[in-house]
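> The following block contains a protein sequence and its predicted model.
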Amino acid sequence: MLVASRRRRVRWLVVAVALAAIFAWRAPRLRAPQPAPSPGWRDRYTGMTFVRLGPGTFRMGTPPEEDGREGQEVLHTVSLTPFYLSRYEVTQAEWQRVMGRNPSQFQDCGPRCPVENVNWFEVQQFIRRLDEESQPGFRLPTEAEWEFACRAGGGLPFGTTATLSSDDANINGNFPYHAPKGLLRGRPTPVGQFKPNPWGLFDMSGNVWEWMEDWTCPYSTADQTNPVGRCGSDTRVIRGGSWLFDAASARCGLRYTHRPQDRGYSLGVRLAHDLF
């Protein structure tokens, strides 16, 4: 009798637990994936997209052991306040939209190819018109901002990588950087054809050279905040290498120059914008 009573209690306990579980259970609520907030913005007039970068502090220049290093690439510490940088080089379509003409040598490359054959003064005119048509604040990046963006937190020749071939960027594949030989395409390619750097910026190495705001001035060895070359030299800095040049020219720390009145069919532009 005692055993039977215990069995009944156990059965009722099991039933009670099961009923509690049934009433407590709720169907899982389906949730849509939650996208990460965008770090930048899109210009409505041209469609150009910008990535917000900074604030940040980094070592600008290159270490003495870097292959291809030039003496002017003096290491020094630079701090930057936040700014926007365009995700892609300015395209032929964007230039045409603002200026009403396309000066590019390689117009047959298509509207998504970078504009080239533009000098520094023409770029300034492009910026003034874009300010009027869209919103003020467009400008060229400083070379400190550009190098910070190219490095994307890394200290290797190409930011987070130490090699570069024509599989990685549109450069002269006959002269890679510690990588197998590859293609010389002989012309620009549409922007965004190669893998972006870790900060979502495309073609920081190769495709076309990019005009900087800075005059070509010697680096200071002292710590700097938002430096801009203002020494009044005869040339302006360009960065990033191109389809015509070797991979070493596309190193993040490489400084190359042109007179501001010069044009070239591997010479283009990428824009920055002040923070809102």
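Sure thing, it's come through.
> quick one, what contacts T221?
V74, H76 (C-beta atoms under 8 Å, 6 or more residues apart in numbering). (Each C-beta comes from the backbone N, C-alpha and C, glycine too.)
> repeat that with 6 Å
With contacts defined as C-beta atoms under 6 Å, 6 or more residues apart in numbering, T221 is in contact with H76.
> what do you get for V98?
Contacts for V98 (C-beta under 6 Å, 6+ apart) come out as F126, R129, L130.
> Tell me the secondary structure at it.
helix (DSSP: H, G, I helix; E, B strand; the rest coil).
> Who does the residue nearest to G155 when sequence neighbours are not counted form a beta bridge with?
What sits nearest to G155 in space, not counting adjacent residues and going by C-beta to C-beta, 6 or more residues apart in numbering, is R59, at 6.5 Å. For R59, the beta-bridge partners are T77 (DSSP bridges).
> how near is R59 to G253?
Using C-beta to C-beta, to the nearest Å, one gets 10 Å for the distance from R59 to G253.
> neighbour-wise, which of the two wins?
Shown here are R59 and G253; by other C-beta atoms under 10 Å, G253 has more neighbours (26 against 14).
> Please give the element, helix or strand, for the closest residue to the more buried one other than its chain neighbours.
Excluding the flanking residues, the one nearest G253 by C-beta to C-beta, 6+ apart is T62, at 3.8 Å. For T62, there is no helix or strand it lies in under DSSP states H and E.
> Distance of the residue nearest the centre of the chain relative to L53?
Against the mean C-alpha coordinate of the chain, by C-alpha atoms, centre = their mean, the closest residue is L201 at 2.4 Å. Relative to L53, L201 is positioned 9 Å away (C-beta to C-beta).
> What of D246?
Relative to L53, and taking C-beta to C-beta, D246 is found at 27 Å.
> Find the residues that touch each one of L201 and L53.
Between them, L201 and L53 share these contacting residues under C-beta under 6 Å, 6+ apart: A149.
> ok, which stretches of this structure are strands?
Along the chain, counting by DSSP state E, strands occupy 40-42, 49-53, 56-60, 76-80, 83-86, 138-139, 209-215, 224-225, 236-239, 256-258, 267-268, 272-273.
> What are the contacting residues of the longest one?
Strand 209-215 is contacted from outside by 120, 123, 140, 142-143, 228-229, 231, 233, 237-240, 242, 266-267, 269-270, using C-beta under 6 Å, 6+ apart.
> And for the third one?
Contacts with strand 56-60, where a contact means C-beta under 6 Å, 6+ apart, come from L75, H76, V78, S79, L80, A144, E147, F148.
> In contact with the third one, which residues?
Remark: with contacts taken as C-beta under 6 Å, 6+ apart, V78 is in contact with M60, A144, Q224.
> Skipping adjacent residues, who's closest to the first one in space?
In other words, M60. Excluding the flanking residues, the one nearest M60 by C-beta to C-beta, 6+ apart is V78, at 4.5 Å.
> From F148, how far off is that neighbour?
Separation of V78 from F148 (C-beta to C-beta): 7 Å.
> Let me know whether W146 touches G240 as I believe.
No - the criterion here is C-beta atoms under 6 Å, and W146 misses it with G240 at 7.6 Å.
> returning to that earlier point: show the buried residues in the contacts of strand 209-215.
120, 123, 140, 142-143, 229, 237-240, 242, 266-267, 269-270 (16 or more other C-beta atoms under 10 Å).
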